[in-house]
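# Here is the input, now give the coordinates:
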Amino acid sequence: MILLIVSPVVMRINISKWLPLFAFFFYLFSSSIISLVTTKPFTHSLLILNYFFAFLVCILGGQIGRIFKYESIVLALRMASGLLLLATLIKILFSWQDIYEYLQDPYAHPELFWLYGGGPNLEATWLVMNAAFFRRSKFFWSFWFLSLAISVLYASRAAILLGIVLALLELISERRWRTFVAFFCMILLSGIFVYLVNPHSFERFMQIGQETGSVTRLEMWSGAITAIQQMPITGFGAGNAITAIEWITNKDFLEDNVHNYFLQVLLDFGPLGLLIWLCFVSFVLRRSHILTKKDEIGTYIVLYFVASLVQFRGAEPLFWFVMGIFISSRNKKVGRMGDV
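Residues are numbered from 1 along each chain as shown. Sure thing, here's the model as predicted:
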């Protein structure tokens, strides 16, 4: 709480231009403190510390966005994304025997060492999201294709769908009559590609509601509806959504999030918390230019919002770092922001 008050002064932040973000974190911390007193069965989650770190990283991103030119920041993000993609490809190359055995008898996802925390779904999702940084680069489609190929190899439904969303955004922004023809051809070719590389990825879409992963999520979401009816006005506290669902349903879920961040915000921080989060999302969407100017950072953030409908915990430092850059870049004078 002290940090929220002091940081605008120390970092020379214009609070009026960062108000939606500060409002979200202020309510987040306030409601979590109240929950420590009012919801005693749910006091063990350390996610609040992750949010605290995410806030610090967001402020750091804001300072970087204020000091450096937008084009230089995007170039640095491209370089970092390229290195991560290269590291992932090298990892896959050295793990090819494991992947081959997985493709021979596929089930869920291959068992590999993951560069990103959270397993195959999150690693594939972050790689697809990183492709957004290349939207005004000649390497966009190359990066997009490689990240989609990895998503197919990992059998990540969320990452595959996110890749299609990103491709659709790119094609629509071209504003040509051939866009829709190209999109339908891309969908067809993507389907063929998925089937040829890893048929199991295609089968996983057909098994939604039947295989373990989706069944577990449906059970969590069903339990969440019941938990909403019994939650305090300020929610159960940061990171306690799963604990509350387990308490209500009397079931154990081997998950650390609800796999729907909007629903998780409602359970963790109550109706007002969700309203503030939705206002913040609206604030960001109104300042992004993903269809008109191929806004790389804006696209990255919008993809996160889309993916958060089925995954993410909400306190990911990488996302909040980019968010800080986004807000800071929107507050700059147009002359210093290039085409954004």
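# who does the strand or helix carrying Val284 touch, helix- and strand-wise?
Val284 is part of helix 261-285, with elements assigned from DSSP states H and E. Helix 261-285 sits against helix 19-38, helix 212-230, helix 241-249, helix 296-307, with contacts defined as 3 or more C-beta pairs under 8 Å, 6 or more residues apart in numbering; DSSP states H and E. Glycine gets a C-beta too; all of them are placed from N, C-alpha and C.
# Could you rerun that using 6 Å?
Other elements packing on helix 261-285 under the criterion 3 or more C-beta pairs under 6 Å, 6 or more residues apart in numbering; DSSP states H and E are helix 19-38, helix 241-249.
# can you tell me which of these comes nearest to Leu93?
helix 241-249 (36.2 Å; C-beta to C-beta).
# Put the alpha carbons of that closest one into PDB.
The C-alpha coordinates for helix 241-249 follow below in PDB (Å, rounded to 0.1, in the frame of the first residue of the first chain):
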ATOM      1  CA  ALA A 241     -10.200 -19.000  -5.800                       C
ATOM      2  CA  ILE A 242      -9.100 -22.700  -6.200                       C
ATOM      3  CA  THR A 243      -9.100 -23.200  -2.500                       C
ATOM      4  CA  ALA A 244     -12.600 -21.800  -2.300                       C
ATOM      5  CA  ILE A 245     -13.800 -24.000  -5.100                       C
ATOM      6  CA  GLU A 246     -12.300 -27.100  -3.400                       C
ATOM      7  CA  TRP A 247     -13.900 -26.100  -0.100                       C
ATOM      8  CA  ILE A 248     -17.300 -25.700  -1.800                       C
ATOM      9  CA  THR A 249     -17.200 -28.800  -4.000                       C
END
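# tilt between that helix and helix 261-285?
Angle, helix 241-249 to helix 261-285, by axes from the mean of the first three to the mean of the last three C-alpha atoms, to 10 degrees: 140 degrees.
# Does anything pack onto helix 241-249? Which helices or strands?
helix 212-230, helix 261-285.
# what angle do it and helix 212-230 make?
Using the same axes, to 10 degrees: helix 241-249 against helix 212-230 is 80 degrees.
# and the gap between Leu275 and Val281?
Distance, Leu275 to Val281, using C-beta to C-beta, to the nearest Å: 11 Å.
# Nearest residue to the spatially most central residue of the chain in space, please, no chain neighbours.
Using C-alpha atoms, centre = their mean, the residue of the chain that lies closest to the mean C-alpha position is Tyr304, 3.2 Å off. If the residues on either side of it in the chain are set aside, Tyr304 comes closest to Phe319, at 5.3 Å by C-beta to C-beta, 6 or more residues apart in numbering.
# Looking at that neighbour now. What's its pLDDT?
For Phe319, the model assigns a pLDDT of 95.
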